[in-house]
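> Give the three-dimensional model of this entry:
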Amino acid sequence: MQFETAIQLWEEGQRRLRQADPATQALLERVVDRIVDELRRRLGGAFTTDELAALYSQGTDWALDLAIATVPHDPRAWDAQTAADAAFLRYVREATDYAGGRRRVPDEDDAQQRGTG
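Purely as a prediction, here's the structure:
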């Protein structure tokens, strides 16, 4: 999956999270935090937006298991797609080629540094 497609899905997940009722939102935030921890574990140190998108394209079925384990007695927290998408959006901020709310493209960055962009 291309990063440009993935980030649109992640942004939609964040919108769904923000639109959830407050009680459900609080539960989902716990799941999002847990998924971010898992992303950190799976990707290790430095990573790029393409690597994160590639992980996302492998599927996020594992996020449901995390949601159930994190909040086992409340099915409202089991909206794993919303939680996973919001978590990926949150985690993309740590990518080595992402800054200022956008993906940095090496050619663009090089041109800007030379003052030709």
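
> tell me which strands and helices the lengthiest helix in the chain is in contact with?
Looking across the chain with DSSP state H, the single longest helix is helix 22-43. Packing partners of helix 22-43 (3 or more Cβ pairs under 8 Å, 6 or more residues apart in numbering; DSSP states H and E): helix 3-19, helix 49-57, helix 61-70, helix 80-92. C-betas here are computed from N, CA, C, even on glycine.

> now what about the third one, what contacts it?
If I follow you right, that is helix 61-70. 30-31, 34-35, 38, 77-81, 83-84, 87 (Cβ atoms under 8 Å, 6 or more residues apart in numbering).

> can you do 7 Å?
Residues outside helix 61-70 that contact it (Cβ atoms under 7 Å, 6 or more residues apart in numbering): 30-31, 34-35, 38, 77-78, 80, 83-84.

> Tell me which residues are up against the longest helix of the chain.
By Cβ under 7 Å, 6+ apart, the surrounding residues in contact with helix 22-43 are 17, 20, 51-52, 55, 63, 66-67, 70-71, 74, 76-77, 79, 82-84, 86-87, 90-91.

> From these, list the buried ones, please.
For the contacts of helix 22-43, a neighbour count by 16 or more other Cβ atoms under 10 Å gives the buried set as 17, 20, 51-52, 55, 63, 66-67, 70-71, 77, 79, 82-84, 86-87, 90-91.

> which residue is nearest the centroid of the protein?
Nearest to the mean C-alpha position of the chain, counting by Cα atoms, centre = their mean, stands residue 88 at 0.7 Å.

> Now do it against residue 60, distance only.
Per Cβ to Cβ, to the nearest Å, residue 88 is found 8 Å from residue 60.

> coming back round to it: name the nearest residue to the residue nearest to the centre of the chain, ignoring sequence neighbours.
Spatial nearest neighbour of residue 88, chain neighbours left out: residue 10 (4.6 Å); criterion: Cβ to Cβ, 6 or more residues apart in numbering.
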